[in-house]
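In: generate a structure from the sequence data that follows.
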Amino acid sequence: MRSASLRVAASVLLLCAATVAPIWSADADKGVQAITRPSDKRTLSFVRPGLVIEMTAEKGAVVTKGQIVARQDDREETQVMLGAEQDSKDDTEINAETAVREADKLDRDKKTANPSASATEKREAELKVTVDDARILLAVAKKKKAAFDFARTQAVIEKLKLVCPIDGIVSQKFMEVGEATDGQNMKVLEVVKIDPLWVEVPVPIQQARKLTDGDAASVTFLDGKTRTGKVVLKSIVADSAAAAITIRVEVPNPEKLEPGEQVRVAFPKAAVADASPLSR
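Out: Have a look, this model is predicted:
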């Protein structure tokens, strides 16, 4: 009875061992199995509702950082901006109020120097100049506000343009010209950067500790070609279940191979280390 139980337990252990694929091989040429992914991915969205009137990039298009890839209807804002710009440069009101003040100052000076002028007349003449000064300040403030409105409307118009933040390729298109963005749907495009590619590799802790940023990595693709990459990031937290640390490898991709390909990654620096029990 006891030997039967032992046989069952041994069978279970063997079955568990068979179903868990090793993440590290003592054979450095085999390396670690992993999947490539874009080194950057951005979902581009408008920040406010509006009608899309222009799209300059289709799915699969190559886009560059700073490129305007979509634009919302900005006709109303443009008119407001042009009016504010004109008002911000117009000195007509300031000049007119200044001329009135000069005339009132002359009148005040005459009445001040005239012995026959009453105190009330002199006081009224003085108040006119005071009011004129206030009107000039108000005209100056209106001009400054127009300049502020111009800059603010300019900023609003810039928000109606969707600018690509990275060099990449359009992988998804969620909106077409003539459609309107709203509170439920603001996404327009998804852009990915696939040169270089990234590969997230689970490496046993003992080997991973020997790797640092910049260390070389050999990445073998399905076409049989091996491309040289480098370590760009090492996770600071180990995966206790797998007894591994995730290493991010960056590999050049001038051929623009599609992400999602299964590859094998080997680390020469870690391979020369002793083959720990984790690899056996």
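
In: name the residue most distant from the centre of this protein?
Out: Distance from the centre of the chain peaks at Ser116, with 75.6 Å (Cα atoms, centre = their mean).

In: just confirm that one is within a helix.
Out: No - going by DSSP: H, G, I helix; E, B strand; the rest coil, the assignment for Ser116 is coil, not a helix.

In: roughly how far does it sit from Leu51?
Out: 71 Å (Cβ to Cβ, to the nearest Å). Any C-beta I mention is one placed from the backbone N, CA and C, and that applies to glycine too.

In: isn't Asp215 up against Lys230?
Out: Yes - counting by Cβ atoms under 8 Å, Asp215 does reach Lys230; the two are 6.6 Å apart.

In: which one's more surrounded, these two?
Out: Using other Cβ atoms under 10 Å as the criterion, Asp215 and Lys230 rank with Asp215 on top: 18 against 15.

In: roughly how far is stretch 42-55 from the heart of the chain?
Out: Computed by Cα atoms, centre = their mean, to the nearest Å, the chain-centroid distance of stretch 42-55 equals 14 Å.

In: measure that stretch end to end?
Out: Its first and final residues considered, stretch 42-55 spans 17 Å by Cα to Cα, to the nearest Å.

In: how about it: buried residues?
Out: Residues 42, 44-46, 50, 52, 55 are the ones in stretch 42-55 that count as buried (16 or more other Cβ atoms under 10 Å).

In: swap in stretch 140-153?
Out: Neighbour counts using 16+ other Cβ under 10 Å place 143, 146, 149-150, 153 of stretch 140-153 among the buried residues.

In: equivalent analysis for stretch 258-265, please.
Out: Neighbour-count burial for stretch 258-265 flags 259, 261, 263-265 (criterion: 16+ other Cβ under 10 Å).

In: also stretch 227-239?
Out: Across stretch 227-239, burial judged by 16+ other Cβ under 10 Å covers 227, 229, 231-232, 234, 238.

In: same thing with stretch 176-183?
Out: The neighbour-count check on stretch 176-183 (16+ other Cβ under 10 Å) flags Thr181 as buried.

In: now what about that stretch, what contacts it?
Out: For stretch 176-183, the external contacting residues (Cβ atoms under 8 Å, 6 or more residues apart in numbering) are 45-46, 48-55, 72, 175, 188.

In: surely Asp104 meets Ala125?
Out: Yes - when contacts are counted by Cβ under 8 Å, Asp104 is listed as touching Ala125 (7.1 Å).

In: for this structure, which segments count as strands?
Out: Per DSSP state E, the chain carries strands over the ranges 32-45, 50-55, 62-63, 68-72, 161-163, 168-173, 180-181, 187-204, 216-220, 226-234, 244-251, 262-266.

In: roughly how far apart are Trp198 and Val249?
Out: Computed with Cβ to Cβ, the distance linking Trp198 and Val249 is 7 Å.

In: alright, that wraps it up for me.
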